[in-house]
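Participant: Okay, structure incoming, though there's no sequence with it:
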């Protein structure tokens, strides 16, 4: 019982502990039979000269079959008592840590040590330190959901000392915008960033890494990178250390589009690379399905649709049923709603298998598509804007002004407890049955 | 030699604490059954009549040699014709011989072992010895013997009663029923041994106080062969009644219904506790071999007494305490 209590479990039917009389009786009987029978005679000398030493001592005879039966009864008794997790007396405090993932957070905290801790590491560390202390001294368990400041509710509640999900610590492919801090100022929220936001917080806590300005590339063009020295008004310096912007074009994409992207790259001094790996823009062909499939039509099995935007039209062929991948936005959609080209920073997905702009709309198409490519093109990873590279001030840790609202999810908790209890009961019963079967088999094989 | 003393005797009832460590003697006392006196009477009549019919030519029998006429029996070819009753032959035309009894009353000495080892078994060895001694007393009284009945008291003192009339049988039975099994000292208290002199009825030779017929009842576990040989004399007959409990004859038979102290045979073995010394022997997982060795040693032990008897004109008979006295006493009193 004490062990169960330490594990925060209880017994739903403690009266079933009365069944323990069976294993106890079995043990007692086992040891009772272990005493050798004592027979008093007058002719003991004829048994020889060996003195029996300790022969009348009770000997352990808890044989394999009896041990299995004993364990079966113990585990069966445990199953009969209905073990259940103890309902939590106090619901925990569940904080939400909103982590800023803008480019500045991934700059090194010490510009002289590029491979060392980053601002995001330091800021998260400060938040975790506070959570651990809160959990230890706050009189109530402190849990935390780690979330992207610009994203959803984040991870399931984790213990205060647990590390946040690793994805939060990775820089997004496309630079994230600075969070809208005023919208995140809620009770029980921890804002994790590098510099103090320019808003007066009413509820949320604040954990900043601070950090000096980090010199480095702030722009790129065909001739290389433009670097900032860290001085506020100093002119940018051209650096030949890194590559300029790059694009990778999937050769399977519609020919007209491939040709246009090549022209655009040449015009913008964007290098066309052979591997999509670290390209600033990836133009990928993602057809919706095999030609001649369910949605196939026409001689080639592709559907021919009309589409257009920004004043141009085109005849587009598409196969299957293309879908918009997560994070992408439609840029060109057919009249029936079929996505033909979808875009997100750094990537263009071309779902059409053929694209033929109307001859009269060539110029309009070029302008429209060039804007799309310009917007989607990402600078090299080394390039971070001057605003992001500026000094973030000193580190700061401020506890939330308003703790999280502690509303226990009673139904969910009860259901969870019941489910865990049923599972424990089932396992115990199954184990008891297996042990009983083992005892029976051992008995059949001659174990006393 | 330091031996622990069994404590079962004295005033303790059957099942009183025994030799050591809580071991108990299951049959430390004697209790004659209600029909015992009747059985004794019938047995004495039958045995004495049989002896009276025995041939006169034997040198010594229970009947003995003497001048007192006690009856006739059929003549057998080769017998001494001087004992033929010629008058009877003339009258009935069949040969009979005269049977006489010694005019001098014979002195008998009967000793009973009351050591703790006699409290073993069910029925107990002491019970069986007492019944056999009672049977001998009944026969002896019927044959006119003067009998000294000797046993050890609870304090180790020698108790003795003398009976010589049939009416004394009741006293003899009371004496026997008062016996209690205890202690380490058995028959050597009377027969003598390396450190002990025999008491008068059992004194060697043919002195005035020496009995002409000596009967001892016990398990003989504490008796030296030399002690018995010292008793042998030219005109003395010695009868050795050796009683062992069923579980001593065959330890495998020991079970609650027989010995009372045993449980079912189990693989953990049996602890054999000596009733007198408290010594322990164990027959466990190797119980079969241990019991075989036991049986061999016991057989040699009993056989040694049989050999002694055969070589020195001593009558010896060994039996189990569950055997009625009527079964073995005729042979013993041969």
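Facilitator: Right, received. Where do you want to start? The structure displayed is predicted, hence computed values, not measured ones. Residues are numbered from 1 along each chain as shown, chains lettered A, B, ... in the order given.
Participant: which residue does chain A bring closest to chain B?
Facilitator: residue A:42 (2.8 Å; Cβ to the nearest Cβ). Where C-beta positions appear, they are placed from N, C-alpha and C, glycine not excepted.
Participant: Return the distance of the residue nearest to that residue when sequence neighbours are not counted relative to residue A:28.
Facilitator: Distance criterion Cβ to Cβ, 6 or more residues apart in numbering or on different chains; nearest residue to residue A:42, sequence neighbours excluded, is residue B:117 at 2.8 Å. Here residue B:117 is placed at a distance of 35 Å from residue A:28 (Cβ to Cβ, to the nearest Å).
Participant: Torsion angles phi and psi at the closest residue in space to residue B:44 that isn't next to it in sequence?
Facilitator: Distances taken as Cβ to Cβ, 6+ apart put residue B:138 closest to residue B:44, at 3.9 Å, once the chain neighbours are dropped. Dihedral angles of residue B:138 (phi, psi; degrees, to the nearest 10) stand at phi -60, psi -40.
Participant: For residue B:138, which residues are in contact?
Facilitator: B:40-41, B:43-44, B:169 (Cβ atoms under 8 Å, 6 or more residues apart in numbering or on different chains).
Participant: where does chain B have its least confident helix or strand?
Facilitator: Ranked by mean pLDDT, DSSP states H and E, the helix or strand of chain B with the weakest confidence is strand B:68-74, at a mean of 71.
Participant: how far out from the middle of the chain is the helix or strand just after it?
Facilitator: Next in sequence after strand B:68-74, counting helices and strands by DSSP states H and E, comes helix B:86-92. How far helix B:86-92 lies from its chain's middle: 42 Å, per Cα atoms, centre = their mean, to the nearest Å.
Participant: can you list the residues that contact helix B:86-92?
Facilitator: Residues outside helix B:86-92 that contact it (Cβ under 8 Å, 6+ apart): B:72, B:94-96.
Participant: on that earlier part again, could you measure from the residue nearest to residue B:44 over to chain A?
Facilitator: The gap separating residue B:138 from chain A is 27 Å, by Cβ to the nearest Cβ, to the nearest Å.
Participant: Could you report the pLDDT at that residue?
Facilitator: Listed pLDDT for residue B:138 reads 93.
Participant: Same question for residue A:270.
Facilitator: 88.
Participant: Verify the stated contact: it with residue A:243.
Facilitator: No - with contact defined as Cβ atoms under 8 Å, residue A:270 does not count as touching residue A:243 (10.5 Å).
Participant: So for these two, which sits in the more crowded spot?
Facilitator: Legend: neighbour count by other Cβ atoms under 10 Å in any protein chain shown for residue A:270 and residue A:243, higher for residue A:270 (24 against 16).
Participant: Provide the backbone phi and psi angles at that one.
Facilitator: Main-chain torsions, residue A:270, degrees, to the nearest 10: phi -100, psi 130.
Participant: what's the answer for residue B:39, then?
Facilitator: Dihedral angles (degrees, to the nearest 10) for residue B:39: phi -60, psi -40.
Participant: Look up phi and psi at whichever residue of chain B sits closest to chain A.
Facilitator: Residue of chain B nearest chain A, by Cβ to the nearest Cβ: residue B:117 (2.8 Å). Torsion angles at residue B:117 (phi, psi; degrees, to the nearest 10) stand at phi -60, psi -20.
Participant: Give me the most central residue, chain B.
Facilitator: By Cα atoms, centre = their mean, chain B has its centre lying nearest to residue B:217, at 2.7 Å.
Participant: Okay, and the beta partners of the closest residue to residue B:237 other than its chain neighbours?
Facilitator: The shortest distance from residue B:237 to any non-neighbouring residue, by Cβ to Cβ, 6+ apart, is to residue B:213 (4.7 Å). Beta-bridge partners of residue B:213, counted by DSSP bridges, are residue B:108, residue B:237.
Participant: quick one: residue B:213 and residue A:302, what's the gap?
Facilitator: Distance, residue B:213 to residue A:302, by Cβ to Cβ: 136 Å.
Participant: same deal with residue A:104?
Facilitator: On the measure of Cβ to Cβ, residue A:104 and residue A:302 end up 46 Å apart.
Participant: Much appreciated, bye for now.
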